[in-house]
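Novice: Would you be able to build a 3D model of this:
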Amino acid sequence: MNSHRSDIRLAVEQIVAASDPSAGAPITSWDSQAWSNLRESGFADLGVPEDQGGAGGEVADVVDVVSTVVRRGVCTPLIEHMLAGWLASETGAERLAGTGTIALGTSLAVERSDGEVRLSGRLDAVPWASAADWLTIILPPTSSSLVEVATVNLRDDAVDVQDGSDIVGAPLCDVVLANALSQNVGHNETSIDHVRQRGALLYAAAMTAAARAVVDATVLHTSDRSQFGRPLSKFQAVQQRIAQLAMTAVAMERAVEAATDAVAAGLPDAEVSVASAKVIVSGAVAAIAAGGHQLHGAIGFTSEHSLGRHTGSMQSWRNRWGSDDEWARTLASIVLDDDVDVWDVVSDGTGHVSSVPR
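Specialist: Just a heads-up that it's a prediction; the model follows:
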């Protein structure tokens, strides 16, 4: 990792630490002070060009900020806000003031009249909708190849946000639009697959950061906790279990790094790298969570302990922007439908095995 990325991680780490973040699960209140500090510092708006009111930066910077915040167990609408802002900037749909979130609205009814666009329908399980001020919605596809995006004020009387939460208590709400007026509409040749790819990458990074936090906490706990006159970490069976967890976490990190590099470089096989990362990471969540709780014992299940926030978040996130099964089918279609040689998928295309995990 270069010094620029290290500096970003260090700065975010200091901002989060100074915000006195909460711990434990279920979440009783989200970390609004940490979120305010991230927004004021500009880190929450990375990925949006500076000339559009953002903080600039590359996709690697966005991944680093997400990873650092999640590893500390901070509960904020960071990923959704970043995705909403990035998509609005990509399509020319103006970002509104405050915190944003994002939803796929391909089943909505769209009424266009006198230059206005009004939306009706239901959006299920929208992350952070109850805490957000505005919503970026990907509209149903039209006859053109352009992706249309609308922004809606979530405080509008025609918008009903129905409170809900995921398994750790973070907001996950249904949103009902009753002829809601879109503040503005943007469009671009950015495909829905491209949006899905970025969302999958950020959530893969988030799950990987949570997995690393689980491994670190488990190593610390088994070193501090003694049984039969010696630390748990001195027992061979425990050492083997920790080694398995550590190897799994490293595989997740390597997959996310490779996907980030591929997306940042605009490589033709970026979709393969992102799909591989999402399959690897989502598929490893259960093993990391099970191992962490097994080695922590009863204390890991208490509401005060931070372990449950990380393991619960991983479980909640594993299907966001596509499950591991869906992304596995994407990989299969690249091989079968696009007539790609399987060896080229697992190599660098020259016959030599690539360092990129596929």
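Novice: after the helix or strand where D64 lies comes which helix or strand?
Specialist: Assigned by DSSP states H and E, D64 belongs to helix 59-71. Sequence order places helix 78-91 as the next helix or strand after helix 59-71, per DSSP H and E.
Novice: For that next one, name the packing helices and strands.
Specialist: helix 59-71, strand 100-104, strand 134-138, strand 147-153, strand 184-188, helix 192-224 (3 or more C-beta pairs under 8 Å, 6 or more residues apart in numbering; DSSP states H and E). From N, CA and C alone the C-beta is placed, and that goes for glycine too.
Novice: Output the ones you listed as JSON lines; include the columns mean pLDDT.
Specialist: JSON lines is the format used below for the helices and strands packed on helix 78-91 (pLDDT from 0 to 100):
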{"stretch": "helix 59-71", "mean pLDDT": "97"}
{"stretch": "strand 100-104", "mean pLDDT": "96"}
{"stretch": "strand 134-138", "mean pLDDT": "96"}
{"stretch": "strand 147-153", "mean pLDDT": "92"}
{"stretch": "strand 184-188", "mean pLDDT": "84"}
{"stretch": "helix 192-224", "mean pLDDT": "95"}
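Novice: What are the phi and psi values at the closest residue to V175 other than its chain neighbours?
Specialist: Leaving aside its sequence neighbours, V175 sits nearest to L123 (C-beta to C-beta, 6 or more residues apart in numbering; 4.3 Å). Main-chain dihedrals, L123, degrees, to the nearest 10: phi -110, psi 120.
Novice: H305 and I299 touch, don't they?
Specialist: Yes - counting by C-beta atoms under 8 Å, H305 touches I299, with 5.8 Å between them.
Novice: quick one, which of the two is more surrounded?
Specialist: Legend: neighbour count by other C-beta atoms under 10 Å for H305 and I299, higher for H305 (18 against 12).
Novice: Let me know the pLDDT of the residue of the chain most remote from its centre.
Specialist: Distance from the centre of the chain peaks at G229, with 42.3 Å (C-alpha atoms, centre = their mean). Note on G229: pLDDT of 85.
Novice: quick one on the thing from earlier: quick one: the helices and strands packed on helix 78-91 as TSV, columns for distance to A44 too.
Specialist: Shown next, in TSV, are the helices and strands packed on helix 78-91 (distance: least, C-beta to C-beta, whole Å):
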stretch	distance to A44
helix 59-71	8
strand 100-104	10
strand 134-138	14
strand 147-153	17
strand 184-188	20
helix 192-224	13
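Novice: Point out the most buried one among the ones you listed.
Specialist: Mean neighbour count, computed with mean count of other C-beta atoms under 10 Å, is highest for strand 134-138 among the helices and strands packed on helix 78-91, reaching a mean of 27.
Novice: now do the same end-to-end measure for stretch 149-159.
Specialist: End-to-end distance for stretch 149-159, by C-alpha to C-alpha, to the nearest Å: 17 Å.
Novice: pLDDT on stretch 39-54, on average?
Specialist: Rounded mean pLDDT across stretch 39-54 is 92.
Novice: and the residue lying closest to V159 once chain neighbours are set aside, what element?
Specialist: Distance criterion C-beta to C-beta, 6+ apart; nearest residue to V159, sequence neighbours excluded, is A180 at 5.2 Å. Using DSSP H and E, A180 sits in strand 172-181.
Novice: quick one: S313 and V69 touch, right?
Specialist: No - between S313 and V69 there is no contact under C-beta under 8 Å: 11.5 Å.
Novice: Now the residue most central in space within the chain. Nearest residue, chain neighbours left out?
Specialist: When C-alpha atoms, centre = their mean is applied to the chain, the residue found nearest the centroid is Y203 (2.5 Å). Leaving aside its chain neighbours, Y203 sits nearest to R320 (4.6 Å; criterion: C-beta to C-beta, 6+ apart).
Novice: contacting residues around that neighbour?
Specialist: Counting by C-beta atoms under 8 Å, 6 or more residues apart in numbering, R320 touches P127, G199, A200, Y203.
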